[in-house]
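Asker: fold the following and give me the result.
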Amino acid sequence: MGTNMRTYWFHKTGEEFTEFIPWESEEQALNVERRNYPLFALLAGVRNGFGFSGIPIFTPITPCPLRNEGIHHCAAALGSGVHGYVYLYCWYTVEDLHRADWSTKFNEIGCVDREGYAFWKEGKPFHSCGYIEGPGIKLCEDPHDFEADPSYTHVRVNWDYRLDDPPVPFLQFLREKFPEGDPDNKNIYVQMVFNC
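Answerer: Residues are numbered from 1 along each chain as shown. Now for the predicted structure:
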């Protein structure tokens, strides 16, 4: 099972909220909303110390900046079931997102094959999974044993990284589409819906 994120964008004028589409193409939308569990954990304000998909979080996530009248009023005006989703969702303004600590460090754990292991030794793998089993799969828990025994097909590894190094597509889009410091950023609201 996997978790997906969908974003819905609103501009507030007075007490009115008007939905708009910020994407230039469907391809851009798919890229920006691409599955990224550490990003989802940060945006969803997960505070249980593990985050989505069991990802340990080194730096505690700061208190969710949704505790204000503007956000509550927006949610009340639009209703909690926007677009029919009834799963976890949260609201941010673009200004809130610019203020977020994107340098939060994550330590992720996953299983990789031999090709992924080579990338892991250079920094982080380009693909991994939480667990793997099946015919022909031999999982190793220790990288040293994995290197010594070619009969192992996969190994469990962990690695550190930050969301802004290099920036994830969501952050790149945010900075390019809504430059930091624009006074209108406080009037642009984003509803983030997480469903599985």
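
Asker: poorly predicted segments of this structure, please.
Answerer: Along the chain, segments meeting pLDDT under 70 span 1-3, 37-38, 41-90, 126, 194-196.

Asker: okay, and the beta partners of the residue nearest to Y152 when sequence neighbours are not counted?
Answerer: Nearest non-adjacent residue to Y152, counting by Cβ to Cβ, 6 or more residues apart in numbering: C140, 4.1 Å away. Heads up, the C-betas are built off the backbone N, CA and C, glycines and all. Beta-bridge pairing of C140 under DSSP bridges involves V155.

Asker: residues in contact with C140?
Answerer: C140 makes contact with F146, D149, Y152, H154, V155, R156 under the criterion Cβ atoms under 8 Å, 6 or more residues apart in numbering.

Asker: show me the contacts for the nearest residue to Y117 once chain neighbours are set aside.
Answerer: Leaving aside its chain neighbours, Y117 sits nearest to V155 (5.8 Å; criterion: Cβ to Cβ, 6+ apart). Contacts for V155 (Cβ under 8 Å, 6+ apart) come out as C111, V112, Y117, L139, C140, E141, D142, P143, F146.

Asker: could you measure from V155 over to F106?
Answerer: For V155, the distance to F106 (Cβ to Cβ, to the nearest Å) stands at 20 Å.

Asker: how's this structure carved up into domains?
Answerer: The chain is divided into the following domains under automatic domain parsing: 4-104+163-195, 107-162.

Asker: so how far does stretch 130-143 reach from one end to the other?
Answerer: With Cα to Cα, to the nearest Å as the measure, stretch 130-143 spans 16 Å from end to end.

Asker: ignore the last one, stretch 12-27
Answerer: Note: stretch 12-27 ends 26 Å apart using Cα to Cα.

Asker: list the buried residues of that stretch.
Answerer: Within stretch 12-27, the residues that count as buried by 16 or more other Cβ atoms under 10 Å are K12, F17, P22, W23.

Asker: closest one of those residues to L97?
Answerer: Closest approach to L97 among the buried residues of stretch 12-27 (Cβ to Cβ): P22, at 12.7 Å.

Asker: which SS class is that closest one?
Answerer: Under the three-state scheme (DSSP: H, G, I helix; E, B strand; the rest coil), P22 adopts coil.

Asker: quick check: closest non-adjacent residue to it.
Answerer: Closest residue to P22 apart from its sequence neighbours, by Cβ to Cβ, 6+ apart: W9 at 5.2 Å.

Asker: my guess is that neighbour meets M192, correct?
Answerer: No: between W9 and M192 there is no contact under Cβ atoms under 8 Å: 10.3 Å.

Asker: doesn't H98 fall inside a helix?
Answerer: Yes: membership of H98 in a helix is supported by three-state DSSP.
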